[in-house]
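*Asks:* got a predicted structure here, sequence first:
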Amino acid sequence: MRFTIGDIEVAVIADDDDFPLPLRAFLPGLDLAAIERGRDPIAPDFVDLARDRLRCAIQSFALKLDGRTILVDACIGEHKDRPEIPVWNQRSGTGWLDRLRPAGVKPESVDLIFCTHLHIDHVGWNTIDVDGAWRPTFPNARYLVGRRELANWEACMAAGDAAPMHVRGLRDSVLPLVDAGRLDLVDEGLELAAGAALTFLPGHTAGHMGLRIDRPEGRALFCGDAMHSPLQIVQPAVSTSSCSDPELAAQTRIAVLEEAAASGRVVVPAHFRGPRRVTVTGRPEGFLPGFPS
């Protein structure tokens, strides 16, 4: 799938296009009665109320702008220990790398990989197993990771507070890049290209960031996990059970939605299915999502 943001071509490379999450457990505090009454127009692409499921995509976005190829997030990967999520554990033959080329992306042509944060479904394809060692997947790319994000995970690891599955993800998909000298620690405001800059979106993780596009031809925000579902547009105070600071995550999300509604900015979350992107309309009782065709 492809779409454009002004003059920027965006290719979607899905690693899992319909990953289910338990709706009530993953979005605690959700007003399901309001949704079931039909007041909130959320397409079946995103939620299966009868089965209590949130439907998510795990995907990367490949942006081509000003002669550069930038990959936003690196999905799940293969051959990695993920016993907490059996369908991700030691997976193989997924075809994700094969899907890059039909999308117009050659691994050797990728200039930058930007990880919005360091959860395992955003870093997995950073590395591949080469003769028993984890090597960078993209031979000519620099990998960009938030300075605050990595520092927080390193502190949590040192204190023994990091979840084991994320520790494994750091060890097989992030720290090998440090050892190879291929990882750059970055901060808010860094421009990856003209009118394409990193922005701080804390709450889901301590150093979570997004990529903000402000060009004459179009405006967008690749917001990572600042929201997982359109349900969080109509009920923006609801954060996920995976957020490190749910209250801060809600504040960040509301600020994103307010700005998008006021400016017409297109929002591109990491896990939206369907058109993969959303517009936001403000209304007295909250926000309303719109799904481009």
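*Replies:* In hand now; what should we look at?

*Asks:* quick one: the strands in the stretch 51-200 of the chain, in order.
*Replies:* Ranges of strands within the stretch 51-200 of the chain are 53-65, 68-72, 112-115, 127-130, 133-136, 142-146, 183-186, 191-193, 196-200, based on DSSP state E, counting those that start in this stretch.

*Asks:* mean confidence for the second one?
*Replies:* Same thing as strand 68-72. Averaged over strand 68-72, pLDDT sits at 96.

*Asks:* list the buried residues for that strand?
*Replies:* Across strand 68-72, burial judged by 16 or more other CB atoms under 10 Å covers 69-72. Using the backbone N, CA and C atoms, a C-beta is placed for each residue, glycine as well.

*Asks:* take these and write them to TSV, including distance to R142.
*Replies:* Shown next, in TSV, are these (distance: CB to CB, whole Å):
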residue	distance to R142
T69	12
I70	10
L71	11
V72	14
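
*Asks:* just flag the most distant two among those.
*Replies:* Within these, T69 and V72 form the most distant pair, 11.0 Å apart (CB to CB).

*Asks:* mutual contacts of these two, please.
*Replies:* Common contact partners of T69 and V72 (CB atoms under 8 Å, 6 or more residues apart in numbering): 62-63.

*Asks:* tell me which of the buried residues of strand 68-72 is nearest to P269?
*Replies:* Among these, and counting by CB to CB, the member closest to P269 is V72, at 11.0 Å.

*Asks:* for that closest one, list each beta-bridge partner.
*Replies:* Beta bridges link V72 to F61, F114, judged by DSSP bridges.

*Asks:* hang on, it packs against F222?
*Replies:* Yes - using CB atoms under 8 Å, V72 is in contact with F222, at 5.1 Å.

*Asks:* quick check: neighbours shared by the two?
*Replies:* Residues touching both V72 and F222 by CB under 8 Å, 6+ apart: 61, 116, 211.

*Asks:* can you pull the pLDDT of L175?
*Replies:* You'll see L175 listed with a pLDDT of 97.

*Asks:* mind listing the helices for the stretch 101-250 of the chain?
*Replies:* 147-159, 164-173, 175-179, 231-234, 246-263 (DSSP state H, counting those that start in this stretch).

*Asks:* among those helices, which gets the worst mean confidence?
*Replies:* Lowest mean pLDDT of the helices of the stretch 101-250 of the chain: helix 231-234, a mean of 93.

*Asks:* what's the spacing between it and its chain's center?
*Replies:* How far helix 231-234 lies from its chain's middle: 17 Å, per CA atoms, centre = their mean, to the nearest Å.

*Asks:* with stretch 53-71 instead?
*Replies:* Centroid separation between stretch 53-71 and its chain, computed with CA atoms, centre = their mean, is 8 Å.

*Asks:* in that stretch, which residues are buried?
*Replies:* Within stretch 53-71, the residues that count as buried by 16+ other CB under 10 Å are 53-65, 69-71.

*Asks:* farthest-separated two in those?
*Replies:* Farthest apart among the buried residues of stretch 53-71 by CB to CB are R53 and L65. That separation is 35.4 Å.

*Asks:* let me see the contact set for the nearest residue to A206 once chain neighbours are set aside.
*Replies:* Spatially, and ignoring its direct neighbours in sequence, A206 is nearest to N152 (3.9 Å; CB to CB, 6 or more residues apart in numbering). Contacts for N152 (CB under 8 Å, 6+ apart) come out as 205-207.

*Asks:* may I see the shared contacts of V72 and F222 arranged in JSON lines, with distance to A43 and pLDDT as well?
*Replies:* Output for the shared contacts of V72 and F222, formatted as JSON lines (distance: CB to CB, whole Å; pLDDT from 0 to 100):
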{"residue": "F61", "distance to A43": "20", "pLDDT": "98"}
{"residue": "T116", "distance to A43": "24", "pLDDT": "98"}
{"residue": "L211", "distance to A43": "25", "pLDDT": "98"}
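
*Asks:* tabulate the residues you listed (JSON lines), appending distance to R142.
*Replies:* Formatted as JSON lines, these follow (distance: CB to CB, whole Å):
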{"residue": "F61", "distance to R142": "17"}
{"residue": "T116", "distance to R142": "16"}
{"residue": "L211", "distance to R142": "15"}
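
*Asks:* skip the chain neighbours and tell me the closest residue to F222.
*Replies:* Among residues not flanking F222 along the chain, L211 sits closest, at 4.2 Å (CB to CB, 6+ apart).

*Asks:* cool, A141 as well?
*Replies:* The shortest distance from A141 to any non-neighbouring residue, by CB to CB, 6+ apart, is to V110 (4.6 Å).

*Asks:* and the strands of the stretch 51-200 of the chain: which comes nearest S173?
*Replies:* Comparison of the strands of the stretch 51-200 of the chain against S173 by CB to CB identifies strand 127-130 as nearest, at 5.2 Å.
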